[in-house]
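J.: Need a 3D model of the sequence below.
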Amino acid sequence: MNQKTFLLTAIGSISIPVVSAAGHTNFIVINLDDVGYGDFSYNGAYGYSTPNIDQMASEGMRFTHFLAGQPISGASRAGLLTGCYPNRIGFSGAPGPNSPYGIHPEEMTLGELLKQKGYNTAAYGKWHLGDAKSFLPLQNGFDEYYGLPYSNDMWPFHPQISFPDLPTIDGNDVVGYNTDQSQFTTDYTTRALNFIKANQKKPFFIYLAHSMAHVPLAVSDKFKGKSQQGLFGDVMMEIDWSVGEVLKTLHELGLEENTLVILTSDNGPWANYGNHAGSTGGLREAKATTFDGGNRIPCLMYWKGQIVPGSTCNKLASNIDIFPTFAELSSAPLPQRKIDGVSIVPLIKGVKDANPRESFVYYYNKNDLEAVTDGMFKLVFPHRYTTYGAYVPGNDGQPGKLDNIDLRKAELYDLRRDPGERYDVISQYPEVASELMKIANRMREELGDDLTRAKGKERREPGLTKDYN
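T.: Residues are numbered from 1 along each chain as shown. This next block holds a predicted model:
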């Protein structure tokens with residue numbers, strides 16, 4: 001199948017869109033890799049500063065309870081780009097080289113959503129929705145692509161100190177096997193800036209998905225050795241530079257008032273890499289766990305004249321909500337296939353008492369429902385998880401050892417007072433646990449749950465290379 005077909009809802013988005021003086025809203029999503037909740041200086045980072053990102057926070061909106069669809073790279077990105085819990089569309093984990101699965105051609109991506117309204121679209125950086133040609137961006141709603149089809153560490157003998165030979169793709173074609181990652185951040189940024197300039201009078205969408213700060217770390221000479229936190233700090237300074245270049249270009253071209261910029265991350269830090277990993281800001285565990293060190297990610301939104309400068313949103317939201325939000329703001333019709341995201345336009349606009357997302361379910365692995373939250377309390381179900389606390393972290397690019405822990409009974413955390421998820425209060429709030437269990441049971445009926453052997457009725461299959469190549 002080379003062409004995608006969609007059945008569209010008759011109504012599409014029902015809310016009145018916010019229309020700029022230019023008659024359209026541009027969108028830029030800057031999605032970082034393995035950057036944690038505490039990795040920007042406005043939120044407590046040490047040894048380096050992120051002045052451009054800090055300024056974005058001071059002039060935009062900071063989301064404090066923003067969750068990844070899953071705490072792992074490929075699945076998280078699939079959720080962001082489709083508005084679905086990844087397991088709804090058969091997506092799990094992080095597909096690597098020659099993976100047999102990827103994004104199904106009948107799923108609508110953000111690129112395809114906005115193409116319906118005449119947007120020019122580009123993706124730069126890490127894709128990670130499959131590396132077969134049918135899974136790549138140009139077959140999934142994007143006019144331009146340059147970057148890596150998966151993570152920058154994916155080769156047979158991870159980890160290694162030396163860099164792998166990575167297939168850098170321009171459009172649909174492999175243009176080289178890159179062993180020097182130091183130019184990735186600069187190259188992705190340069191392409192994004194050129195796209196903005198070329199499309200300044202047209203509606204556009206850019207998905208700028210940096211490969212950093214995922215190990216192995218690499219930084220250009222202009223930032224090498226500049227921080228007091230070693231290579232990781234240097235990398236974060238270069239990411240901050242990239243964000244600053246995007247915002248500066250929008251300002252110079254007079255596009256700030258009709259461009260929504262979102263900065264976020266795919267999941268929490270890979271904490272056992274020690275000084276080559278980021279910070280959860282005190283949240284429990286890290287990447288690849290459904291404690292909030294894995295799922296709760298930084299998120300900033302900037303839109304001059306539409307978002308109140310220096311505002312903070314403490315409401316529950318997720319990267320799967322970006323899809324329907326862009327649909328509402330662009331008046332693009334949603335796909336008929338069910339999605340899980342909700343529009344957070346009311347939050348962006350600062351509507352008093354708005355609460356579009358009333359709950360979130362934490363799935364991981366193939367289809368394990370491990371937790372559920374209403375934004376204030378979080379009920380965690382018995383499951384086995386990887387802990388980062390059993391051993392000392394690694395150093396200088398080598399990982400520390402990990403261990404597994406079996407959580408044998410359900411536990412309830414009061415996130416208002418205990419964001420680190422340390423104190424089980426289920427005996428104090430049994431009625432809260434009961435209500436959260438009802439939400440979980442409804443999702444088990446819909447999407448299934450391998451932990452309780454619930455099959456679910458509304459899961460879809462991923463794309464398979466044998467069917468679409």
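
J.: where's Pro100 relative to Asp131, distance?
T.: Separation of Pro100 from Asp131 (C-beta to C-beta, to the nearest Å): 11 Å. The way it works is simple: take the backbone N, C-alpha and C, and place the C-beta from them, glycine included.

J.: Could you check which of the two is surrounded by more residues?
T.: Using other C-beta atoms under 10 Å as the criterion, Pro100 and Asp131 rank with Asp131 on top: 21 against 13.

J.: Now name the helix or strand holding that one.
T.: Assigned by DSSP states H and E, Asp131 falls within no helix or strand.

J.: I figured it hits Gly102, correct?
T.: Yes - using C-beta atoms under 8 Å, Asp131 is in contact with Gly102, at 7.3 Å.

J.: Give me the common contacts of the two.
T.: Residues touching both Asp131 and Gly102 (C-beta atoms under 8 Å, 6 or more residues apart in numbering): Pro95.

J.: Let me see the mean pLDDT of stretch 261-268.
T.: Across stretch 261-268, the average pLDDT comes to 98.

J.: could I get it in PDB with only the CA atoms?
T.: Extracted in PDB, the C-alpha atoms of stretch 261-268 (Å, rounded to 0.1, in the frame of the first residue of the first chain):
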ATOM      1  CA  VAL A 261       6.300  26.100  19.600                       C
ATOM      2  CA  ILE A 262       6.300  23.000  21.900                       C
ATOM      3  CA  LEU A 263       9.400  21.800  23.600                       C
ATOM      4  CA  THR A 264       9.300  18.400  25.300                       C
ATOM      5  CA  SER A 265      11.100  15.000  25.600                       C
ATOM      6  CA  ASP A 266      10.200  11.400  24.700                       C
ATOM      7  CA  ASN A 267      10.700  10.000  28.200                       C
ATOM      8  CA  GLY A 268      12.800  10.400  31.300                       C
END
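
J.: From the chain's centroid, how far away is that stretch?
T.: Taking C-alpha atoms, centre = their mean, to the nearest Å, the mean C-alpha location of stretch 261-268 is offset from the chain mean by 5 Å.

J.: just stretch 61-70 next, same as before
T.: 9 Å.

J.: Endpoints of that stretch, how far apart?
T.: Using C-alpha to C-alpha, to the nearest Å, the end-to-end distance of stretch 61-70 comes out at 23 Å.

J.: ditto for stretch 269-276
T.: One end of stretch 269-276 to the other measures 10 Å (C-alpha to C-alpha).

J.: Mind listing residues that contact that stretch?
T.: 34-36, 39, 214-217, 229-232, 277-280, 285-288, 293, 388, 391-402.

J.: What number of neighbouring residues does Gly141 come out with?
T.: 22.

J.: residues in contact with the residue nearest to it when sequence neighbours are not counted?
T.: Excluding the flanking residues, the one nearest Gly141 by C-beta to C-beta, 6 or more residues apart in numbering is Gly111, at 2.6 Å. Residues counted as contacts of Gly111 (C-beta under 8 Å, 6+ apart) are Leu81, Thr121, Ala123, Pro137, Asn140, Gly141, Phe142, Phe205, Tyr207.

J.: Try it again at 7 Å.
T.: Taking C-beta atoms under 7 Å, 6 or more residues apart in numbering, we find Gly111 in contact with Thr121, Pro137, Asn140, Gly141, Phe142, Phe205.

J.: Please apply the same query to Gly278.
T.: Asp34, Val35, Gly36, Asp39, Ala213, Phe232, Pro269.
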